[in-house]
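**Q** give me a 3D structure for the following:
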Amino acid sequence: MGLRQHVATLTVELGMGPDIRDLTAELNRLVAAAGIREGLLALSVVGSTGSVTTIEYEPGVVEDLKRAVNRLAPPGDDYAHEQAWHDGNGHSHVQAALLGPSLQIAVREGRLLLGTWQQVVVLNHDNRPRRRPVAVTLIGE
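**A** Okay, the predicted model is just below:
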């Protein structure tokens, strides 16, 4: 069959941070549409105040993650970024850096290889709503 590549961009509307959205179903649809049975999906959120990770996407875990990132880099703390730019989002950059902008997931039998209770999520950490592009690259057979 041969190695193939497919690229796409998802545009995700997110509220003021931390806001979290499940991308798993959309990513599995991209895998199916690309016809990739075995391979790798790489995704990256575009912007320095966004991140991606995996969690169990249920209300309790979503709230726990929001509280955790706010404890790690609390809004309202003294950030050098805010001294320079006065935009109130120093914490947003730190939170996003701690979780990271990208993720890779194996594709097996035409689906993302995820645990039963594991979903792929994108986060906005900024102090205002954002439209986040998420760049997706699929490579496989």
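**Q** phi, psi of the closest residue to residue 112 other than its chain neighbours?
**A** The shortest distance from residue 112 to any non-neighbouring residue, by C-beta to C-beta, 6 or more residues apart in numbering, is to residue 105 (5.1 Å). Heads up, the C-betas are built off the backbone N, CA and C, glycines and all. When read as degrees, to the nearest 10, the backbone of residue 105 gives phi -140, psi 130.
**Q** and residue 105, what are its bridge partners?
**A** When bridges are assigned using DSSP bridges, the partners listed for residue 105 are residue 41.
**Q** where does the protein have its least confident helix or strand?
**A** helix 80-85 (a mean of 89; mean pLDDT, DSSP states H and E).
**Q** flag every buried residue along that one.
**A** residue 82 (16 or more other C-beta atoms under 10 Å).
**Q** what sits up against that helix?
**A** Helix 80-85 is contacted by residues 87, 88, 89, 90, 93 when judged by C-beta atoms under 8 Å, 6 or more residues apart in numbering.
**Q** tell me where the chain has strands.
**A** Applying DSSP state E to the chain gives strands spanning 4-14, 19-22, 39-45, 50-55, 102-108, 111-112, 119-124, 130-140.
**Q** out of those strands, deepest packed?
**A** strand 119-124 (a mean of 24; mean count of other C-beta atoms under 10 Å).
**Q** adjacent strands (with direction) for that one?
**A** Assessed with DSSP bridges, strand 119-124 is paired to strand 19-22 (antiparallel), strand 50-55 (antiparallel).
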